[in-house]
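Asker: only geometry, no sequence info:
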């Protein structure tokens, strides 16, 4: 039965014996893994003193008639101004509606463009992850596992590209897909599945020809009874990661990351031994 102390001691010893290469591979591993209106005014005239009047009164009446004509002209002018104002209002309203329509159309088109860009970035990122990053990640696992027994070569990082590459890509892709889908169920199921499938890259670096059903079943079997212990093992490095924050990540680069990766490789080795597995060939589940 393995313990955290045993794994950490083995991991620390292994990476210390091949320090600079472990640091380089851990750095590669880390790189793989992180909005006017118009108015109207009227005029008035003077009234006469009687039904008949003097010449002055006649002039007054005539003046009144003249004033009436002027008022009529003013009213006509005001009506014309009002009509023009109504026309301008209608034109402004039409222009405003057209502008709003253009803005709405622009927002819709902009939203579609953003969605397309996001989807395109997601697809590109997924392709790069599946065909480049995951294989390199598997190679890093192989490096740290090999380094437990003897100083490993950095060339192990490229192992996946020369050993049944497409099978490895497929298996690692489905691992990521399943973890993502399980994570949609309130996160916790995704975390559980991530631990359940934790051994997949280690198993594949031992057995690049293993089928998807076999490697998933084997990882589940190896992690049965070990998921919680592996979680606690990860938590035991939390203090180191907090200290790394105070060194702007330098402590993580030069010590914590290679130390933890080497310990994770030791975890795989310990679980293999618990299941009676020797060497590189893992039994079929």
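Answerer: Cool, got the structure. Since the model is a prediction, treat every value here as computed from it, not as a measurement.
Asker: low-scoring stretches of this protein, by residue?
Answerer: Along the chain, segments meeting pLDDT under 70 span 34-95, 97, 277-285.
Asker: tell me where the stretch 51-200 of the chain has helices.
Answerer: Applying DSSP state H, counting those that start in this stretch to the stretch 51-200 of the chain gives helices spanning 55-128, 134-146, 165-183, 188-196, 200-206.
Asker: show me what contacts the nearest residue to residue 237 once chain neighbours are set aside?
Answerer: Nearest residue to residue 237 in three dimensions, chain neighbours excluded: residue 260, at 5.2 Å (C-beta to C-beta, 6 or more residues apart in numbering). All C-beta spots, glycine's among them, are computed from the backbone N, C-alpha and C. The contact partners of residue 260, taken as C-beta atoms under 8 Å, 6 or more residues apart in numbering, are 11, 237, 240.
Asker: and the second one, how far is that from residue 14?
Answerer: Put plainly, it is residue 237. 16 Å (C-beta to C-beta, to the nearest Å).
Asker: tell me which of those two has more neighbours.
Answerer: Using other C-beta atoms under 10 Å as the criterion, residue 237 and residue 14 rank with residue 14 on top: 25 against 18.
Asker: what residues are up against the more buried one?
Answerer: So residue 14 contacts 22, 144, 147, 148, 262, 265, 266 (C-beta under 8 Å, 6+ apart).
Asker: can you name the next helix or strand after the helix or strand harbouring it?
Answerer: Assessed by DSSP states H and E, residue 14 sits inside helix 4-17. Per DSSP H and E, the first helix or strand lying C-terminal to helix 4-17 is helix 19-33.
Asker: can you list the buried residues in that next one?
Answerer: For helix 19-33, a neighbour-count test (16 or more other C-beta atoms under 10 Å) marks 21, 22, 23, 25, 26, 27, 28, 29, 30, 32 as buried.
Asker: give the closest residue to the third one in space, chain neighbours not counted.
Answerer: If I follow you right, that is residue 23. residue 258 (5.3 Å).
Asker: ok, now the fourth one?
Answerer: Once its chain neighbours are removed from consideration, residue 25 has its nearest residue in residue 143; the separation is 4.9 Å (C-beta to C-beta, 6+ apart).
Asker: buried set for the helix holding residue 14?
Answerer: 7, 8, 10, 11, 12, 14, 15.
Asker: please list all residues in contact with the fourth one.
Answerer: By that I understand residue 11. 148, 259, 260, 261, 262, 263, 264, 265, 266.
Asker: tell me how far the helix or strand hosting the last one is from the chain's mean position?
Answerer: Right, the one you point to is residue 266. Taking DSSP H and E as the criterion, residue 266 maps to helix 257-274. Centroid separation for helix 257-274 versus its chain: 31 Å, with C-alpha atoms, centre = their mean, to the nearest Å.
Asker: then stretch 260-275?
Answerer: Computed by C-alpha atoms, centre = their mean, the separation of stretch 260-275 from the middle of its chain amounts to 32 Å.
Asker: in it, what's buried?
Answerer: 260-272.
Asker: and the closest residue to residue 152 other than its chain neighbours, how far from residue 168?
Answerer: For residue 152, ignoring the flanking residues on the chain, the nearest one in space by C-beta to C-beta, 6+ apart is residue 146 at 4.0 Å. The spacing between residue 146 and residue 168, counted by C-beta to C-beta, is 17 Å.
Asker: before we move on, what about residue 132?
Answerer: For residue 132, the distance to residue 168 - C-beta to C-beta - is 12 Å.
Asker: again, but for residue 260
Answerer: 23 Å.
Asker: likewise residue 251?
Answerer: 32 Å.
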